[in-house]
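1. Provided below are the primary sequence and the corresponding predicted coordinates.
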Amino acid sequence: MERQPAGRDMTVVLDGLSYLECPRWRDGRLWVSDFYTNQVLATDGRGDTEVMAEVPGQPSGLGFLPDGRALIVSMRDHRILVRDDSGTLTTHADLSDAVPAVLNDMVVDERGGAYVGNFGFDLMGGAALRRTTITRVDPDGGVSTAADDLSFPNGMVILPGGVLVVAETFAARLTAFDVREDGSLANRRVWAQFGEPPSTDDVEAAVEQLEVAPDGICADAEGAIWVADALHARLLRVHEGGKILDEITAKMGVFACMLGGADGRTLFACAAPSFAEHERRPAREAELLAVDVEVPHAGLP
């Protein structure tokens, strides 16, 4: 594919929000979590927006069971919630005994199995970097560790053919696993490496060393992955092996992305001036952005 010019204009779809993450396209609308208003929103991209859930424990990862019910990560109390057709939230799984820190992003497979990341350490409190796990939640709510020794597992996709790719933000890479029939993960390998991983466990120093900080990700029909680079206000389209095929710059930081729209060719991005909680919680500066691209969505979410 010919490389498209950087700096294409992005349209503002929503604004006046706190900090958006984990966008998911579903049945003609984009669902997205707004961290510090504790809301999950859904928008048709044309101004019609609905509050789908209020999550006091702070919503993050989103996904859908085969019957259409939504799964919602409740970060601070380590739960996965399920939303029924009436909007009622109940506990689908409690991960308190399985994780060391607040929950993060999530991808849900075709059978309803969920893969959930966690910070691994107190990011906002200034703790040292610590490697952590991806937790598997079975369709019946059973909890097990699917992978370990990951450096801030963040956005995840499942490519057609059953390959799970996770963004390891503080290792500057995308890491792939084969998804076995029973939902376990195998054959771990590097899918794309963006420069050398930081050589320190100090967060501030590590941030200075990251050439790319992969956060939220989504996949397209040519097998490429769009990566929200959390530190450099850009979206990168990347092929397996690490070749960057395209770059779109934004006016402020972008932390997650999702392909959607009627033809799957609208790239949505969650943008904010920074990711620091003390800056984002009192402010309403976050935006949901959109830009048209050539290759449509594929895979999950």
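-> Here it is on my side, so go on. Everything numeric here is computed off the predicted structure, so don't read it as measured data.
2. am I right that D9 is in a strand?
-> No - assigned with DSSP: H, G, I helix; E, B strand; the rest coil, D9 falls outside any strand and is coil.
3. assess the claim that it and L289 are in contact.
-> No - contact criterion CB atoms under 8 Å: D9 and L289 do not qualify, at 9.7 Å. Where you see a C-beta, it was placed from the backbone N, CA and C, and this is true even at glycine.
4. between those two, which one's more packed in?
-> L289 (24 against 8; other CB atoms under 10 Å).
5. quick one: buried residues of the top helix by length along the chain?
-> Looking across the chain with DSSP state H, the single longest helix is helix 203-209. Buried residues in helix 203-209, counting neighbours by 16 or more other CB atoms under 10 Å, are found at V203, A206.
6. can you pull out the helices in the protein?
-> Using DSSP H, helices in the chain cover 203-209, 277-280.
7. which other residues reach the longest helix of the chain?
-> L123, G126, A127, A128, L129, F170, E196, P198, S199, T200, A213, L231 (CB atoms under 8 Å, 6 or more residues apart in numbering).
8. the first one: how many residues sit nearby?
-> What it means is L123. Neighbours around L123, by other CB under 10 Å: 19.
9. what's the spacing between it and R130?
-> 10 Å (CB to CB, to the nearest Å).
10. and G242, how close does it get to N154?
-> 17 Å.
11. between these two, who's got more neighbours?
-> N154 (27 against 15).
12. and for the residue nearest to the more buried one when sequence neighbours are not counted, the neighbour number?
-> Nearest non-adjacent residue to N154, counting by CB to CB, 6 or more residues apart in numbering: A167, 4.4 Å away. Other residues lying near A167 total 30 when counted by other CB under 10 Å.
13. can you name the residues bridging to D34?
-> Counting by DSSP bridges, D34 is bridged to L20, Q39.
14. what about A286, how many neighbours?
-> 26.
15. meant to ask about A276
-> 12.
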